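J.: Prediction below, plus the sequence it came from.
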Amino acid sequence: MPLVEVRDLTVRFVSRDLDIPVVNGVSFQLARGEVLCLLGESGSGKSVTMRALMRLFPSTARIGGSVLVDGHDILALPERGLRQIRGRLISMIFQEPMTAFDPVFTIGTQIAESVACHDRLSMRAARLRALELLELVQIPSARRRLDAYPHELSGGLRQRAMIALALACRPKLLLADEPTTALDATVQIQILLLLRELQRELGIATIFVTHDLGVACEVADRIAVMYAGRFVESGTAEEVMDTPRHPYTEGLLRSTVHAGMKDRRLDVIPGSPPDLAALPRGCAFAPRCGSVGADCLRAPPSNVRLGGSHEACCIRLT
């Protein structure tokens, strides 16, 4: 039985004047200990899909479909039930730890509070657990860092502390929302290697959001490419990276900088991502696609199984 099972997930943000579909029928499964990487440009629906797994939305959001995590129906749980599983069953590493941490409490206090709440420990025992976690994520002088405030740590140390907080209650599912975006290249590699090491050591299923293909190759078992709120291609990391079949995936790979590109012009995907409030009638990628045909403009393409676990949504594959 998979740890995570998502079926036909939809998320819309509704106001008095607008009804914007942000996620449009996403379905996937995730096994225990597996890493799924969500790829795509900004605004493609990656972070919204992640937050749907914890129901971290304002009251203006409308969520449809089914989200099951370790047998829990996330969309049917009352608020009290959600508080019990957030941090314990499902935990999240946010994109910017400086805004995720409360600036008026020390790092140690915030990690210990989470442990004390979920594991019913005294604050003294929870503080010892917080120290173990800071050592686990390889923060130097961990005992001294317990009493540091978020602004007193560098970006890399804050990110490690954010990982420690996310792992504090030994979750079964870890959501990592571009956790290395604000870091320099050297620290980014260190954080990625640390995350992968901890994920394997603790057996945690992970969903990793990024728009960096190099990061995806480093951490992923499976990859799903998102565009306009849909999975347009998915499969194992080897299937998607070695034999991309959707024009959008092909475009992402062509527009990635790699060794041997000196004096070569970088290919780019023309145009911009679509306005989610006014999606085209047919394939959402059609206005930017170099292989577009008349059939592409009539209706959204169906999902095509290509062999193994490899799937893509493109009419030229049918």
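T.: Done, it's in.

J.: so where is the stretch 101-250 of the chain shaky, pLDDT-wise?
T.: Residue ranges of the stretch 101-250 of the chain with pLDDT under 70: 181-182.

J.: Run through the helices of it in chain order.
T.: Here the stretch 101-250 of the chain has its helices, by DSSP state H, counting those that start in this stretch, at 107-119, 123-136, 142-145, 155-167, 185-202, 213-219, 237-242, 247-254.

J.: I'd like the distance from the longest one to the chain centre, please.
T.: Going back to what we said before, that points to helix 185-202. Average the C-alpha atoms of helix 185-202, do the same for its chain, and the two points are 15 Å apart (C-alpha atoms, centre = their mean, to the nearest Å).

J.: And for the last one?
T.: When C-alpha coordinates are averaged (C-alpha atoms, centre = their mean), helix 247-254 and its chain have centres 20 Å apart.

J.: Would you format the helices of the stretch 101-250 of the chain as CSV with distance to residue 288 and mean neighbour count included?
T.: (Each C-beta comes from the backbone N, C-alpha and C, glycine too.) Shown next, in CSV, are the helices of the stretch 101-250 of the chain (distance: least, C-beta to C-beta, whole Å; neighbours: other C-beta atoms under 10 Å):
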stretch, distance to residue 288, mean neighbour count
helix 107-119, 43, 21
helix 123-136, 44, 18
helix 142-145, 46, 16
helix 155-167, 33, 25
helix 185-202, 29, 16
helix 213-219, 18, 19
helix 237-242, 19, 18
helix 247-254, 8, 20
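
J.: Across the sheet, point out what pairs with the residue nearest the centre of the chain.
T.: The residue lying closest to the centre of the chain (C-alpha atoms, centre = their mean) is residue 209, at 3.0 Å. As for beta bridges, residue 209 partners with residue 38, residue 177 under DSSP bridges.

J.: do you know how far it is from residue 30?
T.: Applying C-beta to C-beta, to the nearest Å, the value for residue 209 to residue 30 is 14 Å.

J.: Tell me which of the helices of the stretch 101-250 of the chain lies nearest to residue 300.
T.: Smallest distance to residue 300 across the helices of the stretch 101-250 of the chain (C-beta to C-beta): 13.6 Å, for helix 247-254.

J.: Can I get that closest one in PDB, CA atoms only?
T.: Extracted C-alpha coordinates of helix 247-254, given in PDB (Å, rounded to 0.1, in the frame of the first residue of the first chain):
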ATOM      1  CA  PRO A 247       7.800  19.300 -25.700                       C
ATOM      2  CA  TYR A 248       7.900  21.200 -22.400                       C
ATOM      3  CA  THR A 249      10.200  18.700 -20.700                       C
ATOM      4  CA  GLU A 250      12.400  18.800 -23.800                       C
ATOM      5  CA  GLY A 251      12.500  22.600 -23.600                       C
ATOM      6  CA  LEU A 252      13.500  22.600 -20.000                       C
ATOM      7  CA  LEU A 253      16.400  20.200 -20.700                       C
ATOM      8  CA  ARG A 254      17.600  22.300 -23.700                       C
END
